[in-house]
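**Q** Show me the folded form of this:
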Amino acid sequence: MRKRCMALAGFIALSTILSVSQSGDEGFQTATVVSIDKQAADARHPEKGDQYKISMRMGGVLYLCKASGSPSTFLDWSPNKEFPTREVGKVLEVKNHNGQIVELNISSKKLPK
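**A** You can find the predicted model right below:
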């Protein structure tokens, strides 16, 4: 009986260590998309066709960001959608539905009043 208890305790400890080490969400918090707007491309600046203005709320702070990427990257992004996010300097790193990290350049932050 004692051997079984020790084996079970060892298994639980090992499982806990492995699950913590495999969680790739270190430093990530849940952020909510407030708005997402695709920038219109014009004849003089066709490169703006893949640019977006995105507002996200994380921890009570509103982040106004700009990003560029293919439309498939932002296909399922809509208001009130939540993503794991972390702030790294002037960039928000957002983990997309497929695990891909999308970098949003922070234009400004609005702190709660």
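**Q** just checking, V91 touches E103?
**A** Yes - counting by C-beta atoms under 8 Å, E103 is a contact partner of V91 at 5.2 Å. From N, CA and C alone the C-beta is placed, and that goes for glycine too.
**Q** Remind me which helix or strand the most centrally placed residue in the chain belongs to.
**A** Closest residue to the average C-alpha location of the chain: V94 at 2.2 Å, with C-alpha atoms, centre = their mean. If you go by DSSP states H and E, V94 is part of strand 91-95.
**Q** quick one: average pLDDT of that strand?
**A** For strand 91-95, mean pLDDT rounds to 96.
**Q** Direction included, what does it pair against?
**A** strand 82-88 (antiparallel), strand 101-110 (antiparallel) (DSSP bridges).
**Q** my read: the residue nearest to the centre of the chain touches I106, true?
**A** No - V94 lies out of contact with I106 (C-beta under 8 Å); the separation is 11.6 Å.
**Q** Next up, the contacts around the spatially closest residue to K38 that is not a sequence neighbour.
**A** Of all residues not flanking K38 in the chain, Y52 sits nearest, at 5.6 Å (C-beta to C-beta, 6 or more residues apart in numbering). Applying C-beta atoms under 8 Å, 6 or more residues apart in numbering, we find Y52 in contact with 36-39, 66-69, 74.
**Q** By neighbour count, which of those wins?
**A** Neighbour counts for those, by other C-beta atoms under 10 Å, peak at A67, which reaches 20 neighbours.
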